[in-house]
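*Asks:* Got a predicted structure plus its sequence, pasted below:
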Amino acid sequence: MINKNTKIGFIGTGVMGRGMIQNLLKGGYSVYIYNRTKEKALPLIEKGAILKNSIKELCKECGVVITMVGYPSDVEEVYLNEEGILNNIKPKSYVVDMTTSKPSLAKKIYSKAKENDIFSLDAPVSGGDIGAAEGTLSIMVGGDKEAFDALMPIFELMGKNIVLQGTAGSGQHTKMCNQIAIASNIMGVCEALSYAKKSGLDPKTVLKSIGAGGAASWQLSAYAPRILKGDYAPGFYIKHFVKDMKIALEEASEMGLTTPALELSKKLYDKLIADGQEDLGTQALYNLYK
Ligand code: NAP
């Protein structure tokens, strides 16, 4: 049973995790945290989080463990290792992976969790660093309805739009749809801004018009102002976006689906990676248009 006394474990205190953790703390929960690089977790202690030295120690305390790490390989490590979550959390506990990861891995974690009498959901998010900080994420969930309902009060502290999409892996498949839509959108945003500049218009004034018309989008409103300020800090890392596009391309190929716009976007971001820009935010695609 989840209630206000349930202790929440949170693994991954990066760009997204730190905002989400602060919203759980504001909601009145005790939050136990762990991060591979300890220094990145330290500022959250001042906000009331309790730092643990290992996943094993964290799992001993908590009835719910949420993960927001980087890559599928990180997810595999934190869940499936000997010292990982599934070997150390108590039966009847809940685990929620909010990392953007592979649908097949979400299914594998669900099955292993079920064998150990643990409830598992995949629940990737959209809404970026701003959504994480403001508690307005869109949360896309795969797994059993009972677990989804039980965790709803916790999801509601981190997000505004929380939808159960289907069985295990469906949250990750939905997130792939999200990333496919973004892949084209961000190219359009960068091309529109470079066109505005080249044609002698004031791009800020252009945004006043196109940001309120049929071209309005989250990518435009969140990233065009950062591009115009020359702010390429992540946001959303290029290296993570390329990881997502790779997963989406692999899944699409397995389904016999062609996705030419996604392929083009991935090629452009590969150029940025080859140029050493993988730790910049996705808005740095604009660098290709300069
Ligand atoms: P991030 O800043 O790199 O945060 C990931 C954190 O997880 C890092 O602090 C990392 O530790 C930690 N971590 C990784 N592997 C670990 C392990 N084995 N054990 C413990 N901690 C581990 O990335 P982010 O921007 O928060 O993104 C996290 C995930 O959300 C990614 O899958 C990303 O694609 C997805 N996402 C991001 C956004 C966005 O706008 N940023 C939006 C939606 C979804 P270290 O400090 O040691 O690296």
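*Replies:* Right, received. Where do you want to start? Numbers count the residues shown, from 1 in each chain.
*Asks:* Tell me which residue of this structure lies closest to the ligand.
*Replies:* Of all residues in the chain, Gly14 sits closest to the ligand, at 1.8 Å by Cβ to the nearest ligand atom. Every residue, glycine included, has its C-beta placed from N, CA and C.
*Asks:* Isn't that residue up against Glu39?
*Replies:* No: here Gly14 does not reach Glu39: they are 11.9 Å apart, not a contact under Cβ atoms under 8 Å.
*Asks:* Where do the helices of the stretch 101-250 of the chain begin and end?
*Replies:* For the stretch 101-250 of the chain, applying DSSP state H, counting those that start in this stretch gives helices covering 103-115, 128-134, 145-158, 170-198, 203-210, 218-228, 238-254.
*Asks:* And the shortest one, what does it pack against?
*Replies:* Other helices and strands packing on helix 128-134, by 3 or more Cβ pairs under 8 Å, 6 or more residues apart in numbering; DSSP states H and E, are helix 15-26, helix 218-228.
*Asks:* Check the offset of stretch 90-102 from the chain's centre.
*Replies:* 14 Å (Cα atoms, centre = their mean, to the nearest Å).
*Asks:* Give me the buried positions along that stretch.
*Replies:* Neighbour counts using 16 or more other Cβ atoms under 10 Å place 93-102 of stretch 90-102 among the buried residues.
*Asks:* quick one: that stretch near the ligand?
*Replies:* Yes: looking at stretch 90-102 against the ligand by Cβ under 6 Å from any ligand atom, the contacts come from 99-100.
*Asks:* Name the residue in Gly14 and Glu39 with the higher neighbour count.
*Replies:* Gly14 (20 against 8; other Cβ atoms under 10 Å).
*Asks:* Tell me the pLDDT of the closest residue to that one other than its chain neighbours.
*Replies:* Spatial nearest neighbour of Gly14, excluding adjacent residues (Cβ to Cβ, 6 or more residues apart in numbering): Lys40 at 6.6 Å. At Lys40, the model reports a pLDDT of 96.
*Asks:* Quick check: end-to-end length of stretch 55-67?
*Replies:* 11 Å (Cα to Cα, to the nearest Å).
*Asks:* contact partners of that stretch?
*Replies:* If you take Cβ atoms under 8 Å, 6 or more residues apart in numbering as the criterion, stretch 55-67 is touched by 2, 6-12, 20, 32-34, 52, 75, 78-79, 83-85, 88-90, 92-99, 151, 154.
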